[in-house]
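[1] need coordinates for the following:
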Amino acid sequence: MFNALIALIIGWVGMFYLSARPHWDIAEIVINFTGAVFQYFSCSLLSIRPKDEGIVDMPAFFERQRPYIMSAFVAMMLMGFFENWWDRNLLTGPFDWLSQEIAVIPMVVFSAMGFAPQRWLQWLGGAGLAAIQCYFLLTYVV
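    Below you'll find the model as predicted:
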């Protein structure tokens, strides 16, 4: 949930640079809408809808949802990768987008670690993703 929150902040605050775009064409609208859809699924698939009574088995819920959650996270990171490339001309330097892309690559790897059956790899992926996202947020977005 923390990773979904950080990704949401990166997505929303990171859209500020789009104000430099003189006009939005249909491609820009579709790209940003697609990114928002991936963000939506990254957040909504984590949401537990408890029954009125009984115990909520969070580990079982996570195991059941894990492939979908991880797929949404990987798709969201890959979409961010594409968005950085697509809007590369809005950044200050000609190769600023490349340094952002280098930060996104580990995000994809850490997100994909959530597919691993070993719990320690899942935790490592989650912790690594949190660290890289916080770095990305503080370095490129804020």
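[2] which strand or helix spans residue 23?
    Residue 23 belongs to no helix or strand when assigned by DSSP states H and E.
[3] buried set for the least confident helix or strand in the chain by mean pLDDT?
    Every helix and strand of the chain was ranked by mean pLDDT, DSSP states H and E. The lowest is helix 96-112, at a mean of 84. Neighbour counts over helix 96-112 (16 or more other CB atoms under 10 Å) mark 97, 100, 101, 103, 104, 106, 107, 108, 110, 111, 112 as buried. The way it works is simple: take the backbone N, C-alpha and C, and place the C-beta from them, glycine included.
[4] contact partners for residue 69?
    42, 45, 46, 62, 114 (CB atoms under 8 Å, 6 or more residues apart in numbering).
[5] could you redo the last one with a cut-off of 6 Å?
    Listed by CB atoms under 6 Å, 6 or more residues apart in numbering, the contact set of residue 69 reads residue 45.
[6] just the pLDDT at it, thanks.
    Per-residue confidence at residue 69 stands at 92 (pLDDT).
[7] regarding it, what is its secondary structure?
    Secondary structure, DSSP: H, G, I helix; E, B strand; the rest coil: residue 69 is helix.
[8] can you tell me how far it is from residue 140?
    Distance, residue 69 to residue 140, by CB to CB, to the nearest Å: 25 Å.
[9] returning to that earlier point: and the buried residues of helix 96-112 as CSV, adding distance to residue 121?
    Converted to CSV, the buried residues of helix 96-112 look like this (distance: CB to CB, whole Å):
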residue, distance to residue 121
97, 30
100, 26
101, 24
103, 21
104, 20
106, 15
107, 16
108, 15
110, 10
111, 12
112, 10
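[10] name the nearest of those relative to residue 4.
    residue 111 (11.1 Å; CB to CB).
[11] measure that closest one to residue 42 for me?
    Taken as CB to CB, the span from residue 111 to residue 42 is 9 Å.
[12] what of residue 16?
    From residue 16 to residue 42 the distance is 20 Å (CB to CB).
[13] neighbour count: these two, which is higher?
    Neighbour totals were compared for residue 16 and residue 42, and residue 42 leads with 25 against 10 (other CB atoms under 10 Å).
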